[in-house]
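Chemist: here is a sequence with its predicted model. Questions after.
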There are 2 protein chains.
Amino acid sequence: MKSLKDIGELGLITKIRNWMATSCPELIRSIGDDVAVLDMGNKALLITTDILIEGIHFEKSWSNPFQLGRKAVAVNLSDIAAMGGRPRYFLISIGLPKHLPLSFVSLLYRGLKEEARRSQVGLIGGDTSLSQKIIINICLIGEGKKGDLLFRDGAKVGDDIYVSGTLGDSALGLMILQDGNLQRKPKGLIKKHLFPTPRIELGQALATKHLASAMIDLSDGLLSDARHILEESRVGAQIWEESIPISRLYRKWVRIYSKETYQIAMSGGEDYELLFTAPPNKRRRIISLARSIDHPITLVGQILPQKEGFHLVKKGGKKIPLNRLGYDHFK
Amino acid sequence: MKSLKDIGELGLITKIRNWMATSCPELIRSIGDDVAVLDMGNKALLITTDILIEGIHFEKSWSNPFQLGRKAVAVNLSDIAAMGGRPRYFLISIGLPKHLPLSFVSLLYRGLKEEARRSQVGLIGGDTSLSQKIIINICLIGEGKKGDLLFRDGAKVGDDIYVSGTLGDSALGLMILQDGNLQRKPKGLIKKHLFPTPRIELGQALATKHLASAMIDLSDGLLSDARHILEESRVGAQIWEESIPISRLYRKWVRIYSKETYQIAMSGGEDYELLFTAPPNKRRRIISLARSIDHPITLVGQILPQKEGFHLVKKGGKKIPLNRLGYDHFK
């Protein structure tokens, strides 16, 4: 008998898409994108939901409840940022063990509130339940102008591929957090894992200035998330390994865990930076945008015809086909 | 050190309300009601979320995945029904164990789809994750006319208190499901527990015809849910025990579990019928509405001034003060 392990998360999502196929006139985007988009007349309503489960997405011992609360909101904000939307409201369903100290819950909510305040998002409802493990499900609602929003299916052959920030810090930070052998741990990388910054301002700027053709946030890892854009846009791509932006701290610490400098930066998840495509004639405006928001944007590859597939160009020009996916919950 | 056990679910919700106090101009209703209400200009957007956790809200052995899927959607539909809204879309976050058979997941989604189809609600998004226990979180979005929607704070002194359907069948059905000693189990009561029917049509009719002053759905039990209305409306009430509607099956089976005929009907949860208040001059129109939708509506009590408290009137006129609450997850 087939189990979830056999088909994996993408297989499951494809099945769910087939099982549930919905058609309603106001629905602009649905399952497949991380955010559902509803046509509300003069504007579009964006709705996304993410679940965090103790023992799967986090351990109580790695982070304090304040950090956990912030991250729970941040990952949802990132989904709205990836469309260039403006986050507005959220609902939180929370499962909590009976003997959890009230101080834990209070700190958790302080974290939720702090992250929400930073992005001017208001808590408007939720549900509470007893649970063996801590469960946090957030449903976040945002809005945007229909003509501005960016999706995964807009990449065109010849487009540039960009990423914001540096990649791999969060994944490496997690490895360091989990590593019992390290005496001294670099705070910078761990912080990137515990306090991801959703790129709301960048997403909105790219959307409202019409600078990008497709966009996604980097939650599963560069290669895996790029693949979503390639599949939805029906195109291929090449990524230039040496151009992938990595931080000084990453370069220093990655050697402990990988002989390949860029491996973790390409396949590690939870950077919550943005990956987007744009026609080459927008290069100058994109560089100037990066400067104005004081956050790096790096050209890392190019969109190719679908028949050319997806590959990595190593230093020296050697091409490696990219068949592997990123992290799969069920495998 | 205080834990959740010490303050209980209502205590927690009060704390959350204080921690998170949000003010935004479009927010008509927020934490405290089960549904958040946003002013979208010509209409109001209703958003509710509910979490179901294996081992807390259900056991795999009691129900099949199809039933589970239907119920997960139904309980959210009931929240929208309780405001007189029209349910439209839902998102589902789901946590599933790695070795769960694919057939289980497929049946679960068939159940979700069937319940959604009955109410013309479309799945527009979600999240999937690995989890030790099955977790189903639904976020349901509905709409309504601002002037029509019913809340918990509208009950006035002198109003009648009504409930729809019969009460206690679901709670009794659950006891029977869990009872290892019974050879023959009444399907009717068990079905009421496994397949609750959200009263969407009734809720909408009461709202659009302006027949009710306050409304709530019966998820925690008559006494507990009535108390929400009393607190939000700042009023007291009396409930006439003998007028509480119970089914023939309930009357027959309740004796096994309780010497008090009405005990389970008053304090058992998950009926998902509607409790509403209405001025006495609407009686005739309410009776005629019950007839037209072919579902019983019963007058069970009266709203009193707040200083008179909340009490039960037994057969013969004896008054019992009602201090006990319904089910509390954390106690």
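Modeler: Arrived safely. Residues are numbered from 1 along each chain as shown, chains lettered A, B, ... in the order given.

Chemist: from memory A:Leu45 sits against A:Leu27, does it?
Modeler: No. The criterion here is C-beta atoms under 8 Å, and A:Leu45 misses it with A:Leu27 at 10.4 Å. Just so you know, the C-beta spots here come from the backbone N, C-alpha and C atoms, and that holds for glycine as well.

Chemist: okay, and the helix or strand of chain A with the least pLDDT?
Modeler: Ranking every helix and strand in chain A by mean pLDDT, DSSP states H and E puts strand A:27-29 at the bottom, with a mean of 72.

Chemist: let me see the ranges of the strands in the stretch 1-150 of chain A.
Modeler: Assigned by DSSP state E, counting those that start in this stretch, the strands in the stretch 1-150 of chain A fall at A:27-29, A:35-39, A:44-53, A:86-96, A:122-130, A:135-144.

Chemist: touching chain B at all, the fifth one?
Modeler: Yes. Interface with chain B: strand A:122-130 contributes A:Gly122, A:Leu123, A:Ile124, A:Gly125, A:Gly126, A:Asp127, A:Thr128, A:Ser129, A:Leu130 (C-beta under 8 Å from any C-beta of the partner chain).

Chemist: can you point out the buried residues in stretch A:142-161?
Modeler: Counting neighbours by 16 or more other C-beta atoms under 10 Å in any protein chain shown, one finds that the buried residues in stretch A:142-161 are A:142-144, A:148-155, A:159-161.

Chemist: closest one of these to B:Leu12?
Modeler: Nearest to B:Leu12 among the buried residues of stretch A:142-161 is A:Gly142, at 27.3 Å by C-beta to C-beta.

Chemist: quick one: that closest one from B:Lys319, how far?
Modeler: Distance of A:Gly142 to B:Lys319, computed by C-beta to C-beta, to the nearest Å: 52 Å.

Chemist: one more: A:Gln120?
Modeler: For A:Gln120 relative to B:Lys319 (C-beta to C-beta), the value is 51 Å.

Chemist: what does A:Val300 give?
Modeler: When distance is defined by C-beta to C-beta, A:Val300 is 75 Å away from B:Lys319.

Chemist: so between these two, which is more surrounded?
Modeler: Legend: neighbour count by other C-beta atoms under 10 Å in any protein chain shown for A:Val300 and B:Lys319, higher for A:Val300 (23 against 12).

Chemist: ok but that one is inside a strand, no?
Modeler: Yes. Under DSSP: H, G, I helix; E, B strand; the rest coil, A:Val300 sits within a strand.

Chemist: give the contact list for the closest residue to it other than its chain neighbours.
Modeler: Nearest residue to A:Val300, sequence neighbours excluded (C-beta to C-beta, 6 or more residues apart in numbering or on different chains): A:Ser243, at 5.0 Å. Residues in contact with A:Ser243, defined by C-beta atoms under 8 Å, 6 or more residues apart in numbering or on different chains, are A:Thr298, A:Leu299, A:Val300, A:Gly301.

Chemist: who wins on neighbours among those?
Modeler: Tallying neighbours with other C-beta under 10 Å puts A:Gly301 at the head of the contacts of A:Ser243, with 25 neighbours.

Chemist: that residue bridge partners, please.
Modeler: A:Ile161, A:Ile239 (DSSP bridges).

Chemist: was I right about it contacting A:Gln238?
Modeler: Yes. Applying C-beta under 8 Å, one finds A:Gly301 in contact with A:Gln238, separated by 5.3 Å.

Chemist: now do the shared contacts for those two.
Modeler: Listed as contacting both A:Gly301 and A:Gln238 by C-beta under 8 Å, 6+ apart are A:Val313.

Chemist: which of the strands of the stretch 1-150 of chain A sits most buried?
Modeler: Stretch with highest mean neighbour count among those: strand A:135-144 (a mean of 27; mean count of other C-beta atoms under 10 Å in any protein chain shown).

Chemist: is chain B contacted by that one?
Modeler: Yes. Using C-beta under 8 Å from any C-beta, we find that strand A:135-144 touches chain B at A:Ile135, A:Asn137, A:Cys139, A:Ile141.

Chemist: run a quick neighbour tally on A:Gly316.
Modeler: Neighbours of A:Gly316 under the rule other C-beta under 10 Å: 6.

Chemist: tell me how far the residue nearest the centre of chain A lies from A:Leu12.
Modeler: Closest to where the C-alpha atoms of chain A average out (C-alpha atoms, centre = their mean) is A:Ser219, at 2.9 Å. If you measure A:Ser219 against A:Leu12 using C-beta to C-beta, the figure is 17 Å.

Chemist: and the helices in chain A, which stretches?
Modeler: Per DSSP state H, chain A carries helices over the ranges A:4-20, A:65-81, A:102-118, A:169-178, A:187-194, A:200-208, A:222-233, A:248-257, A:263-267, A:283-293.

Chemist: pull out the buried residues from the fourth one.
Modeler: Which is helix A:169-178. Buried-residue list, helix A:169-178, by 16+ other C-beta under 10 Å: A:Asp169, A:Ser170, A:Ala171, A:Leu172, A:Gly173, A:Leu174, A:Met175, A:Ile176, A:Leu177.

Chemist: determine which two of these are furthest apart.
Modeler: Using C-beta to C-beta, the two most remote members of these are A:Asp169 and A:Leu177, lying 12.2 Å apart.

Chemist: what touches both of those two?
Modeler: Counting by C-beta under 8 Å, 6+ apart, the contacts common to A:Asp169 and A:Leu177 are A:His193.

Chemist: setting aside sequence neighbours, what's the nearest residue to A:Ile47?
Modeler: Spatial nearest neighbour of A:Ile47, excluding adjacent residues (C-beta to C-beta, 6+ apart): A:Ala36 at 4.7 Å.

Chemist: in JSON lines, list the buried residues of helix A:169-178 along with distance to chain B and pLDDT.
Modeler: Compiled in JSON lines, the buried residues of helix A:169-178 are given as follows (distance: C-beta to the nearest C-beta, whole Å; pLDDT from 0 to 100):
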{"residue": "A:Asp169", "distance to chain B": "23", "pLDDT": "97"}
{"residue": "A:Ser170", "distance to chain B": "18", "pLDDT": "96"}
{"residue": "A:Ala171", "distance to chain B": "18", "pLDDT": "96"}
{"residue": "A:Leu172", "distance to chain B": "22", "pLDDT": "96"}
{"residue": "A:Gly173", "distance to chain B": "21", "pLDDT": "95"}
{"residue": "A:Leu174", "distance to chain B": "16", "pLDDT": "93"}
{"residue": "A:Met175", "distance to chain B": "19", "pLDDT": "94"}
{"residue": "A:Ile176", "distance to chain B": "23", "pLDDT": "94"}
{"residue": "A:Leu177", "distance to chain B": "19", "pLDDT": "89"}
